[in-house]
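1. Fold the following.
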Amino acid sequence: MPAKVLDSFALIAYFRDEPGAETMEGMLVSAGKKDNPLFMTDVNYAEVKYSILKKDGAKSWVEAARVLEGLPIDFQSTTRGMADTAADFKARFKLSLADAFAAALAKEKRAELVTADPEFKPLEKEIKIHWLK
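-> Coordinates of the predicted model:
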């Protein structure tokens, strides 16, 4: 099974039980059973945190943070090389900076990017994308 990188969209869908949450739950269970963690950048983690804090409040974030501790997600710090790739993606495609980092990590790991965010559609020739439905 190829490595998978999570966009913040995917993890937020999981926490809010939005479309794609069931698929995310299956991926998380599978990753835990196979000791094959999913990946996410610290930048995308920050996006998840601020999104939950802003829309759902501090109590929801405390609960989400507690759940996150037990999930098979390996949070990756950014590197200069990843930043260069993210900057390249940001310059060539209409993406947020956080999305550019998710794409850069997927490229670096030769992994599938898990998302439902249509901003990634133009990157399908650059990276593999696992579209949540």
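
2. in the protein, which spans are strands?
-> Secondary structure of the chain by DSSP state E: the strands cover 4-6, 38-41, 73-76, 112-115, 128-131.

3. JSON lines for these, including distance to residue 87, mean pLDDT and mean neighbour count?
-> No exception for glycine: its C-beta is placed from N, CA and C like everyone else's. Output for these, formatted as JSON lines (distance: least, C-beta to C-beta, whole Å; pLDDT from 0 to 100; neighbours: other C-beta atoms under 10 Å):
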{"stretch": "strand 4-6", "distance to residue 87": "18", "mean pLDDT": "97", "mean neighbour count": "28"}
{"stretch": "strand 38-41", "distance to residue 87": "14", "mean pLDDT": "98", "mean neighbour count": "25"}
{"stretch": "strand 73-76", "distance to residue 87": "17", "mean pLDDT": "97", "mean neighbour count": "16"}
{"stretch": "strand 112-115", "distance to residue 87": "17", "mean pLDDT": "96", "mean neighbour count": "24"}
{"stretch": "strand 128-131", "distance to residue 87": "20", "mean pLDDT": "96", "mean neighbour count": "18"}
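
4. Include distance to residue 62 when you put the ones you listed into TSV, please.
-> Putting the strands of the chain into TSV (distance: least, C-beta to C-beta, whole Å) gives the following:
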stretch	distance to residue 62
strand 4-6	21
strand 38-41	19
strand 73-76	18
strand 112-115	25
strand 128-131	29
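
5. Of all those, which one comes closest to residue 22?
-> strand 112-115 (13.1 Å; C-beta to C-beta).

6. I'm done for today, thanks for sticking with me.
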